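# When you get a sec, could you give me coordinates for this:
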Amino acid sequence: RETQICVRNQHTTARDLEIRRERYNQTRGLHTIQWLTGCDLLSDGSVRGSRRDSYDGRDFISFDLASGRFVAADSAAEITRRRWEQEGTVAERWTNYLGHVCPESLQQYVRFGQKELERKECPDVHVSGKEEHGTLILSCHVYGFYPSTITVSW
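Residues are numbered from 1 along each chain as shown. The predicted model follows:
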């Protein structure tokens with residue numbers, strides 16, 4: 001689903017790159033946009049979320065779910081912040097995504113991974129011995145168990 005969303009948005013992303021290149025007075029060349037979007041489901045049932053955009057490895061603009069506001073990292077991003085706040089729909093879209101879609105997806109991913117998280121793998125145990133100076137020395141190696149906590153009694 002996330003890949004399909006990115007494919008649908010590729011033209012918008014290309015335009016965003018053009019706009020940022022123009023704002024920073026850059027000519028052609030290799031430039032990158034990176035997004036970091038995330039949400040946390042807190043123990044009290046509330047949600048915390050944010051969206052951070054960067055351009056060429058530097059902060060550009062961010063959105064915080066709690067405040068519902070954009071924060072521009074510099075004067076070029078300030079133009080974007082003002083435009084998005086005037087439109088009104090961008091904050092609404094991110095509020096919906098971070099407050100509803102993201103937590104639902106997160107819960108779904110946890111359910112998908114639950115079987116893996118709850119799996120138990122019995123250990124492979126190998127005992128070997130060698131004699132040194134008339135004394136038998138035994139070694140026990142335990143491999144391949146899950147979860148990572150295990151108690152071995154000799």
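# show me the contacts for the residue positioned nearest the centre of the chain.
Geometric centre of the chain, nearest residue: G38, 6.0 Å, by C-alpha atoms, centre = their mean. By C-beta atoms under 8 Å, 6 or more residues apart in numbering, G38 lies in contact with G49, S50, C102. In this view, the C-beta of every residue, glycine as well, is placed from N, C-alpha and C.
# so how many other residues sit close to the last one?
Meaning C102. 21 (other C-beta atoms under 10 Å).
# mind pulling up the phi and psi values for it?
phi -60, psi -50 (degrees, to the nearest 10).
# just the first one next, same as before
As for G49, its main-chain torsions (degrees, to the nearest 10) stand at phi -150, psi 160.
# Touching, it and L98? I think so.
Yes. Using C-beta atoms under 8 Å, G49 is in contact with L98, at 3.1 Å.
# joint contacts of the two?
With C-beta under 8 Å, 6+ apart, G49 and L98 have common neighbours T37, C39, L65.
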